[in-house]
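**Q** take this sequence and fold it.
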Amino acid sequence: MTPNQTIPNPSTEPTLIVAIGAGNRMRTYMHFVETHPDIVRLVAVVEPDPVRRNDMADRFGVPENMRFAHYRDFFATPVKADAVMICTPENEHYWPCMLALDAGYHILLEKPIAQTYDQCLQIARKARDKGKIVSICHVLRYHPLFIKIKELVDSGTYGRIISINHTEEVGIDRDTHSYVRGIMNREKESNPMLLAKCCHDLDFLLWICGAGCSRVSSFGSLLWFRGENAPEGSADRCVDCSIEHKCPYSAIDLYKRRREWISNFIPAPGQTVDDVIQQQLDNGIYGRCVYRCDNDVVDNQIVTMQMDNGMLISLAINVFTQRDCRNIAIKMTEGEITCNGSIVEARHFKSRQTTTFDFTYLKRIKFHGGADIELVADFINAVRNPGTRIQTEIDGALETHRIIFEAERSRHTGQTLSLTPICG
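**A** Residues are numbered from 1 along each chain as shown. You can find the predicted model right below:
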């Protein structure tokens with residue numbers, strides 16, 4: 001637990017929460033609920049997919065009349081609860097959040113906040129007006145590796161930051177699953193990848209540098225996963241493809257042979273996971289050829305920022321890699337701090353000493369090395385203890401989102417944009 005996350009008195013009544021959205025993210029966050037029944041209790045589930053809705057509701061003993069297919073049905077029904085957790089698709093964050101604030105609930109909101117900066121501001125303003133917590137799920141602030149980097153920067157041992165180079169190694173399997181075949185593959189229906197995947201990263205960068213952004217530029221495109229790059233002999237679906245056996249992006253290989261990225265393939269009663277995999281390969285979105293999808297999200301992007309103290313930051317999205325991690329190089333006046341996946345090294349110029357921190361063990365700990373659970377704990381603690389400081393309240397996330405929206409405007413216009421100080 002972080003210093004703010006003291007477990008409340010177990011003799012008090014549990015905090016009542018509602019799950020809006022029952023996909024992978026919500027199922028992860030529910031592990032805190034499952035292991036702390038004396039602190040928090042799930043009282044309602046909102047999810048359009050009946051299999052997911054009933055699976056979660058059955059798991060927590062939620063009665064039939066507290067299972068809703070749409071969030072508007074839920075908000076039309078008086079439900080006694082303290083907070084809602086919103087993990088809907090990204091284009092469905094704004095309205096359930098605004099309705100939840102009107103109904104008087106605190107909110108844990110999966111990132112990103114919303115699809116436009118104006119919507120982000122509206123949510124933040126309403127939260128202030130209503131006196132409610134809206135916590136954004138920027139999970140890196142709860143991750144031991146990134147907390148250690150923050151501690152090293154703040155220690156003063158290595159001087160001031162001059163520049164940061166940060167690479168988000170998305171990983172080819174994650175990309176083809178989520179951003180080529182999956183539900184996050186179109187900017188209008190979901191969000192640009194920079195917002196959908198990397199608002200974690202930009203939040204972390206702003207967190208450690210402690211400065212605002214004065215200028216931003218970005219370049220990126222959908223370069224490879226396009227119809228004109230489809231190899232000869234390929235087909236619309238992997239199950240019909242004559243060259244599937246040698247394709248590095250094969251859905252059959254990913255889901256059926258390796259059985260990876262199948263956690264969202266939830267079987268209906270009477271089905272097995274194998275049944276769902278085969279249905280997806282035969283008819284679902286996840287069985288499509290990567291060159292013949294309806295995707296328009298970038299597969300490569302670079303963002304550069306000049307901060308208001310002169311510091312320079314670059315953020316690169318790298319899809320074409322088997323790695324799924326983050327690489328960071330922080331150049332400072334008296335030393336440097338680097339992170340290569342799970343290893344953090346801090347080098348001091350004067351002493352010539354290098355201190356190494358190995359976080360490889362976190363790979364064995366579920367839920368982002370336990371950070372997802374810490375995030376929920378922080379939120380529940382703040383709900384139960386008014387006035388408690390929370391790491392990721394919405395006001396602190398506004399600058400992150402604003403920079404991303406401006407970076408996307410730069411990418412589409414080819415301009416380097418100047419940013420005025422934030423005004424919420």
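
**Q** tell me which element Cys293 falls in.
**A** Element membership of Cys293, judged by DSSP states H and E, is empty: it is in no helix or strand.

**Q** what about it, distance to Lys350?
**A** Going from Cys293 to Lys350 by CB to CB, to the nearest Å gives 53 Å. For the C-beta atoms, the positions are set from N, CA and C on the backbone; glycine is no exception.

**Q** and the two? Which one has more around it.
**A** Cys293 (20 against 8; other CB atoms under 10 Å).

**Q** next, Ala268: phi, psi?
**A** phi -80, psi 160 (degrees, to the nearest 10).

**Q** let me see the contact set for it.
**A** The contact partners of Ala268, taken as CB atoms under 8 Å, 6 or more residues apart in numbering, are Val51.

**Q** any buried residues in the helix or strand of the chain with the lowest mean pLDDT, and which?
**A** Least confident element among the helices and strands of the chain, by mean pLDDT, DSSP states H and E: helix 366-369 (a mean of 86). Across helix 366-369, burial judged by 16 or more other CB atoms under 10 Å covers Phe367, His368, Gly369.

**Q** adding distance to His245, write the residues you listed out as CSV.
**A** Formatted as CSV, the buried residues of helix 366-369 follow (distance: CB to CB, whole Å):
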residue, distance to His245
Phe367, 35
His368, 34
Gly369, 36
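
**Q** number of nearby residues for Ile147?
**A** Neighbours of Ile147 (other CB under 10 Å): 15.

**Q** show me what the helix or strand hosting it packs onto, helices and strands only.
**A** Assigned by DSSP H and E, Ile147 falls within helix 144-154. In terms of contacts (3 or more CB pairs under 8 Å, 6 or more residues apart in numbering; DSSP states H and E), helix 144-154 is packed against helix 199-209, strand 325-332, strand 335-340, strand 343-348.

**Q** which one of these lies nearest to Lys150?
**A** Between Lys150 and those, the tightest spacing by CB to CB is seen for helix 199-209, at 5.3 Å.

**Q** what's the angle between that closest one and strand 335-340?
**A** 160 degrees (axes from the mean of the first three to the mean of the last three CA atoms, to 10 degrees).

**Q** next, the buried residues of the helix or strand following helix 199-209.
**A** Downstream of helix 199-209, the next assigned helix or strand under DSSP H and E is strand 213-221. Under the neighbour-count criterion of 16+ other CB under 10 Å, strand 213-221 has Cys213, Ser214, Arg215, Val216, Ser217, Ser218, Gly220 buried.

**Q** and the furthest pair within those residues?
**A** Of all pairs drawn from these, the one with the longest distance (CB to CB) is Ser214 and Gly220, at 21.2 Å.

**Q** export only the CA atoms of the following helix or strand past the least confident helix or strand of the chain, formatted as CSV.
**A** Note on helix 366-369: by DSSP H and E, the next helix or strand toward the C-terminus is helix 371-384. Provided in CSV are the C-alpha atoms of helix 371-384 (Å, rounded to 0.1, in the frame of the first residue of the first chain):
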residue,chain,number,x,y,z
ALA,A,371,-0.4,-1.5,-9.4
ASP,A,372,-4.0,-2.0,-10.6
ILE,A,373,-5.0,-3.2,-7.1
GLU,A,374,-3.2,-0.3,-5.4
LEU,A,375,-5.0,2.1,-7.7
VAL,A,376,-8.4,0.8,-6.6
ALA,A,377,-7.3,0.7,-3.0
ASP,A,378,-6.3,4.4,-3.2
PHE,A,379,-9.7,5.3,-4.7
ILE,A,380,-11.8,3.3,-2.1
ASN,A,381,-9.7,4.8,0.7
ALA,A,382,-10.4,8.3,-0.5
VAL,A,383,-14.1,7.6,-0.8
ARG,A,384,-14.1,6.2,2.8
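
**Q** what lies in contact with helix 371-384?
**A** Taking CB under 8 Å, 6+ apart as the rule, helix 371-384 contacts 1-2, 4-8, 12, 15, 17, 28-29, 31-33, 36, 39-40, 82-83, 85, 106, 108, 133, 135, 137, 139-144, 367, 388-392.

**Q** ok, then the element right after the longest helix along the chain?
**A** Assignment by DSSP state H gives helix 394-413 as the longest helix of the chain. The helix or strand immediately downstream of helix 394-413 is strand 417-418, counting by DSSP H and E.

**Q** note down every partner strand of that following strand and its orientation.
**A** strand 213-221 (antiparallel) (DSSP bridges).

**Q** quick one: contacts of the helix or strand that comes right after the partner strand?
**A** Following strand 213-221 in sequence order, the next helix or strand is helix 251 (DSSP H and E). The set of residues external to helix 251 that reach it, using CB under 8 Å, 6+ apart, is Thr176, Arg181, Cys238, Gln280, Leu281, Tyr286, Gly287, Arg288.

**Q** now the helix or strand in which the fourth one is found, how far from the centre of its chain.
**A** Secondary-structure assignment from DSSP H and E places Gln280 in helix 273-283. In terms of CA atoms, centre = their mean, to the nearest Å, the centre of helix 273-283 is found 26 Å from the chain centre.

**Q** which elements pack onto the least confident helix or strand of the chain?
**A** helix 24-35.

**Q** change it to 6 Å
**A** On a contact count with 3 or more CB pairs under 6 Å, 6 or more residues apart in numbering; DSSP states H and E, helix 366-369 meets no helix or strand.

**Q** who touches it?
**A** For helix 366-369, contacts defined as CB atoms under 6 Å, 6 or more residues apart in numbering pick out Thr28, Val139, His143, Leu362, Ile373.

**Q** next, format these as TSV and append pLDDT and neighbour count.
**A** TSV is the format used below for the contacts of helix 366-369 (pLDDT from 0 to 100; neighbours: other CB atoms under 10 Å):
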residue	pLDDT	neighbour count
Thr28	95	19
Val139	95	24
His143	96	22
Leu362	91	16
Ile373	95	22
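
**Q** going by distance to Tyr158, which of the residues you listed wins?
**A** Nearest to Tyr158 among these, with distances taken as CB to CB, is His143, at 20.4 Å.
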